[in-house]
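Colleague: Below: sequence and its predicted model.
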Amino acid sequence: MTSMSRPSITICLGGLAVLAAAATATAQAPVVMPGTETHAVTAAANGVEYQIDVALPAGYPTSAKRYPVFYILDGNLAFAHLVSTYRELRINAAFPELIIVGIGWPGDDPSIYTPAYHANRSRDYTPTNVEAALPGSGKAGAFLGFVTNELVPMIDARYRTDPNDRALGGHSLGGLFTTFALLSEPGMFRRYWIGSPSLWWDKERIFALLPEARARAAHPTGRALLTVGGLEAELMVPPMKRMAAALKASFPRLETESVVYPDEEHLSVLGGAMSRALRVLYARPEILIGPADAAAYAGLWRSASGETI
């Protein structure tokens, strides 16, 4: 009995060894997001190297169309999240096709939010220097110069973009920078997602940019959505509400909305806020029709796949 059992044990172990080797080989292959490209770009504005990720719409290779572009900050963290959310929304074909561009920094640490990553965003996303709080902060002007004078022209040259339809979005310090860009370069973007913005930065100095922005001949136009989690407390919620009210009062051609998500905090709010941003910023206009027209379209309809609607 013993001698007969040994071969089966040996075979089983051999099979496990093969499976283990196959699992190891499979684990070494990285997950790749289809339809995306990555570029390394060193900015002339500040000498910093950036990782630029680009997601193209499914119809891009077979069309000659030009597409709106959504630039998302914190690309290392937010790019894949935004692209996945967008592609799910695209299942409903009523949602427009977009090119999505993630702006991040080189790095392969799976934790992403390393000390180097923190230093990069602290430098690039803050408009004023508060050395005691974040050493090296206050370089948002140089970063905005890179985005407007280098990155956007590069994307427009490489891809079929619609230069009249750009969006910018960011969360936390990225939301602070998006507010800074809206008030500083009103003609560059026409859609803005300002997520959980760190408007508290430097004693809320960002509010001081409002009078200068109002005094300019060119005002921001398009749409803006400001979001925050209800559990983000006094540091975040009231300033967001005040900024939303100020933008709405100051710039009538900027359709401004704001949402406070109950029971969500600074990080948990991201999923819902990104989805809402896409749906609000790219909402199609509603057309009101009279009862007679509505009656002409009401009834049972059969879809191409056979369902009755």
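Modeller: Here it is on my side, so go on. Numbering: from 1, shown residues only.

Colleague: Tell me the spacing between R216 and E37.
Modeller: 36 Å (Cβ to Cβ, to the nearest Å). Where C-beta positions appear, they are placed from N, C-alpha and C, glycine not excepted.

Colleague: Strands of the protein, residue ranges please.
Modeller: 36-42, 49-55, 67-72, 99-104, 161-171, 191-195, 222-229, 254-261 (DSSP state E).

Colleague: What is the fifth one packed up against?
Modeller: Just to be clear, that refers to strand 161-171. strand 67-72, helix 152-158, helix 173-184, strand 191-195, helix 270-281 (3 or more Cβ pairs under 8 Å, 6 or more residues apart in numbering; DSSP states H and E).

Colleague: That one vs helix 270-281, what angle?
Modeller: On the basis of axes from the mean of the first three to the mean of the last three Cα atoms, to 10 degrees, strand 161-171 is oriented at 140 degrees to helix 270-281.

Colleague: Parallel or antiparallel, which strands does strand 161-171 pair with?
Modeller: Here strand 161-171 is paired, per DSSP bridges, with strand 67-72 (parallel), strand 191-195 (parallel).

Colleague: average model confidence for the shortest one?
Modeller: Spelled out, that is strand 191-195. The average pLDDT within strand 191-195 is 98.

Colleague: okay, the strands of the chain in TSV with mean neighbour count next?
Modeller: Formatted as TSV, those follow (neighbours: other Cβ atoms under 10 Å):
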stretch	mean neighbour count
strand 36-42	13
strand 49-55	19
strand 67-72	24
strand 99-104	25
strand 161-171	21
strand 191-195	27
strand 222-229	25
strand 254-261	18
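
Colleague: Quick one: closest of those strands to M243.
Modeller: strand 222-229 (6.5 Å; Cβ to Cβ).

Colleague: Parallel or antiparallel, list what pairs with that closest one.
Modeller: Applying DSSP bridges, one finds strand 222-229 paired with strand 191-195 (parallel), strand 254-261 (parallel).

Colleague: got the CA coordinates for that strand in PDB?
Modeller: The C-alpha trace of strand 222-229 is given here as PDB (Å, rounded to 0.1, in the frame of the first residue of the first chain):
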ATOM      1  CA  GLY A 222     -18.200  76.700 -19.200                       C
ATOM      2  CA  ARG A 223     -19.000  74.500 -16.300                       C
ATOM      3  CA  ALA A 224     -17.500  73.900 -12.800                       C
ATOM      4  CA  LEU A 225     -18.400  71.300 -10.200                       C
ATOM      5  CA  LEU A 226     -17.100  71.500  -6.700                       C
ATOM      6  CA  THR A 227     -17.400  68.400  -4.400                       C
ATOM      7  CA  VAL A 228     -16.600  67.600  -0.800                       C
ATOM      8  CA  GLY A 229     -17.400  64.900   1.700                       C
END
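
Colleague: picking that back up, possible to save the strands of the chain as a markdown table with distance to D293?
Modeller: Shown next, in a markdown table, are the strands of the chain (distance: least, Cβ to Cβ, whole Å):
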| stretch | distance to D293 |
| --- | --- |
| strand 36-42 | 43 |
| strand 49-55 | 39 |
| strand 67-72 | 30 |
| strand 99-104 | 36 |
| strand 161-171 | 30 |
| strand 191-195 | 31 |
| strand 222-229 | 28 |
| strand 254-261 | 26 |
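
Colleague: that older thread, hey, which of the helices and strands packed on strand 161-171 is tucked in deepest?
Modeller: Among the helices and strands packed on strand 161-171, strand 191-195 has the highest mean neighbour count (mean count of other Cβ atoms under 10 Å), at a mean of 27.

Colleague: where does this protein have low pLDDT?
Modeller: Applying pLDDT under 70 to the chain flags residues 1-27, 286, 303-305.

Colleague: And the residue nearest the centre of it?
Modeller: Centroid-nearest residue in the chain, with Cα atoms, centre = their mean: I72, separated by 3.5 Å.
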